[in-house]
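S.K.: mind looking at a prediction? Sequence and model below.
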Amino acid sequence: MTEPVVRPIRLADVEGFRACADAVVAERRYLAMLNPFSLVQTASFVARNIEVGNPQYVADATGEIVGWCDVRRETIDSYAHVGHLGMGVAAAWRGRGIGERLMRATLAAAQAAGFEKIELSVYATNTRARALYEKAGFALEGTRVRGRKVDDAYEDVHMMGLIFAP
């Protein structure tokens with residue numbers, strides 16, 4: 001497998017991004033969504049991020065999108081200094097440092113774009129992701145006990161934050 005290139009997303013990536021995200025959604029373990037977004041919803045999400053300057057990066061393995069990371073700015077004025085991080089990597093590509101590369105590129109772009117704080121949520125069973133976030137400087141800010149319910153099974157949701165140094 002060729003090492004993927006981490007780069008900003010383009011509108012031309014919408015179908016590939018959707019396919020990658022759909023595969024991670026289908027696992028029902030890592031993302032809040034349990035059903036995939038339509039192509040129109042995905043295109044709107046990507047176009048909006050590009051339009052407003054929300055950083056969104058993809059891992060491109062010779063034309064196949066195998067991962068993504070994005071930071072969406074809060075839309076309420078008094079919270080607009082904060083962004084929410086979301087990411088995913090296709091199962092076959094995990095464990096190769098792609099998530100870390102995606103996150104570091106996206107966080108650098110977020111800091112350059114004036115974000116002051118980045119927040120995220122991670123499920124308690126996703127210890128690998130939590131370790132990655134802690135390695136990047138995120139700290140646990142709280143836990144939503146039984147915050148996620150899938151197929152009658154509950155899971156705690158850890159809330160984490162990273163404040164950029166001035």
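M.R.: Cool, the structure landed. Numbering: from 1, shown residues only.

S.K.: switch to C-alpha atoms for all contacts and neighbour counts from now on
M.R.: OK.

S.K.: next, count neighbours for Val89.
M.R.: By other Cα atoms under 10 Å, 22 other residues sit near Val89.

S.K.: got it, and the one 3 residues further on?
M.R.: Ala92: 8 surrounding residues under other Cα under 10 Å.

S.K.: I'd say Ala113 and Gly53 touch.
M.R.: Yes. Contact criterion Cα atoms under 8 Å: Ala113 and Gly53 qualify, at 7.5 Å.

S.K.: more neighbours: which of these two?
M.R.: Gly53 (15 against 12).

S.K.: got the contact list for that one?
M.R.: Ala113 (Cα atoms under 8 Å, 6 or more residues apart in numbering).

S.K.: and for Tyr154?
M.R.: Arg146, Gly147, Arg148.

S.K.: what about Val66, distance to Met87?
M.R.: When distance is defined by Cα to Cα, to the nearest Å, Val66 is 11 Å away from Met87.

S.K.: one step back: just the contacts of Tyr154 now: which is nearest Ala59?
M.R.: Using Cα to Cα, Arg148 comes nearest to Ala59 of the contacts of Tyr154, at 28.0 Å.

S.K.: excluding chain neighbours, what is closest to that closest one?
M.R.: Nearest residue to Arg148 in three dimensions, chain neighbours excluded: Glu155, at 5.1 Å (Cα to Cα, 6 or more residues apart in numbering).

S.K.: so which residues of this structure form helices?
M.R.: Remark: helices assigned in the chain by DSSP state H are 14-27, 39-52, 98-112, 127-135.

S.K.: hey, which of these is tucked in deepest?
M.R.: Most buried of the helices of the chain, by mean neighbour count (mean count of other Cα atoms under 10 Å): helix 98-112, with a mean of 21.

S.K.: using PDB, write out every CA atom in it.
M.R.: Only the C-alpha atoms of helix 98-112 are listed here, as PDB (Å, rounded to 0.1, in the frame of the first residue of the first chain):
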ATOM      1  CA  ILE A  98      -2.600   8.300   9.300                       C
ATOM      2  CA  GLY A  99      -5.000   9.500  12.000                       C
ATOM      3  CA  GLU A 100      -2.200  11.300  13.800                       C
ATOM      4  CA  ARG A 101      -1.000  12.900  10.600                       C
ATOM      5  CA  LEU A 102      -4.500  14.000   9.700                       C
ATOM      6  CA  MET A 103      -5.200  15.400  13.200                       C
ATOM      7  CA  ARG A 104      -1.900  17.300  13.300                       C
ATOM      8  CA  ALA A 105      -2.400  18.900   9.900                       C
ATOM      9  CA  THR A 106      -6.000  19.900  10.800                       C
ATOM     10  CA  LEU A 107      -5.000  21.300  14.200                       C
ATOM     11  CA  ALA A 108      -2.200  23.400  12.700                       C
ATOM     12  CA  ALA A 109      -4.700  24.800  10.100                       C
ATOM     13  CA  ALA A 110      -7.300  25.500  12.900                       C
ATOM     14  CA  GLN A 111      -4.700  27.300  14.900                       C
ATOM     15  CA  ALA A 112      -3.600  29.300  11.900                       C
END
